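Student: what follows is a predicted structure for the sequence shown.
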Amino acid sequence: MGRYTMRAYTLTDKFKSIFARRGRSIVLAYDHGIEHGPTDFLDNPDSAEPEYILKIARDAGFDGVVFQRGVAEKYYDGSVPLILKLNGKTSLYNGAPVSAPNCTVEEAVSLGASAVGFTIYAGSDYEWKQVEYLAQIKRDAVKFDMPLVVWSYPRGGKVDAKYNGNEHHPEVVAYAARIALELGADAMKIKYTGDPKTFAWAVRVAGKVPVLMSGGPKTKTDEEFLRQVEEVISVGALGVAVGRNVWQRKNAVEFGKLLGQMVYEGKKVAEILEPAVNSSP
Ligand code: FBP
């Protein structure tokens, strides 16, 4: 028997024990300063401050936060478990999608992380390079006993040629899920397909690897996003790893608490929005 198959307690179990203590998981993603730039903070200017993000995470009861190394180094206070994102690219870059590591697993451990995160863009001209990066991260993650969360975002290549660039196409998302399983993810973050039936397919082919739905741009209404959450939970997602849909809202803490009621307590959108509707003038 190989080393991996002998593990009674896997890194997926470890991920769940830290980031899904109540059976499911809500993680607050905050790596947008590099991925999209400070324009993401304009809707809610307080969101430019990492301390504000930590406060939302604490006050709303999130299971974890996602930071890049620089933010972790200057702001992380240990109050919420940390997923340290080991790579990132800027939106100023215009070439074939690729995201190079800027931090090692060992450095993530010393920054206080409880898991590491890594993005790959399958389909890109640099797919091969990213698979190599991920393989090395995986080796180190096993060595340092750190769960590895894969942001699996197929992009470029046939996503453009065959699916018209639609990263939410059910076949693309299911493929994303399977790639994360095949490459050794302990948890994964994938985009929503837009309906529970097709997302169920992605969850199924993810196998034993828990699935977190990626939030996406802030929806026009609270209800629109909450419905997506309800749908992915109904088909077996472990939870959500969401950024803009929480901290771009001025009522971020209240909204985070609503997410908690849905994800941890299994409440439905109708149940949690009805009192607010009834109480409005
Ligand atoms: P959101 O919930 O705001 O979409 O964040 C999820 C996330 O994966 C972030 O971690 C990351 O910064 C961003 O989306 C990248 O999204 P994209 O590459 O699609 O712009």
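Tutor: Okay, I see it. Only a predicted model underlies this, so the values are computations on that prediction, with no experimental measurement involved.
Student: stretch 212-220 and the ligand in contact?
Tutor: Yes: for stretch 212-220 and the ligand, the contact criterion (CB under 6 Å from any ligand atom) is met by Ser214, Gly215, Gly216. For every residue, glycine as well, the C-beta is placed using N, CA and C.
Student: helices or strands next to the helix or strand containing Glu73 in the packing?
Tutor: Taking DSSP states H and E as the criterion, Glu73 maps to helix 69-75. Counting contacts by 3 or more CB pairs under 8 Å, 6 or more residues apart in numbering; DSSP states H and E, helix 69-75 packs against helix 50-60, strand 82-85.
Student: C-terminal to the longest helix anywhere in the chain, what's the next element?
Tutor: In the chain, taking DSSP state H as the definition, the longest helix is helix 127-143. Per DSSP H and E, the first helix or strand lying C-terminal to helix 127-143 is strand 148-152.
Student: tell me what that next one is packed against?
Tutor: Applying 3+ CB pairs under 8 Å, 6+ apart, one finds that strand 148-152 contacts strand 115-120, helix 127-143, helix 170-182, strand 187-190.
Student: just put those in TSV and tack on distance to the ligand and mean pLDDT.
Tutor: Shown next, in TSV, are those (distance: least, CB to the nearest ligand atom, whole Å; pLDDT from 0 to 100):
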stretch	distance to the ligand	mean pLDDT
strand 115-120	7	98
helix 127-143	14	98
helix 170-182	12	98
strand 187-190	6	98
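Student: can you add mean neighbour count and give these back as CSV?
Tutor: As requested, the helices and strands packed on strand 148-152 are exported to CSV (neighbours: other CB atoms under 10 Å):
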stretch, mean neighbour count
strand 115-120, 26
helix 127-143, 17
helix 170-182, 22
strand 187-190, 28
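Student: got CSV for these, with distance to Trp247 too?
Tutor: Output for those, formatted as CSV (distance: least, CB to CB, whole Å):
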stretch, distance to Trp247
strand 115-120, 17
helix 127-143, 27
helix 170-182, 24
strand 187-190, 17
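Student: can I get the helices and strands packed on helix 69-75 in a markdown table with distance to Lys74?
Tutor: A markdown table is the format used below for the helices and strands packed on helix 69-75 (distance: least, CB to CB, whole Å):
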| stretch | distance to Lys74 |
| --- | --- |
| helix 50-60 | 7 |
| strand 82-85 | 13 |
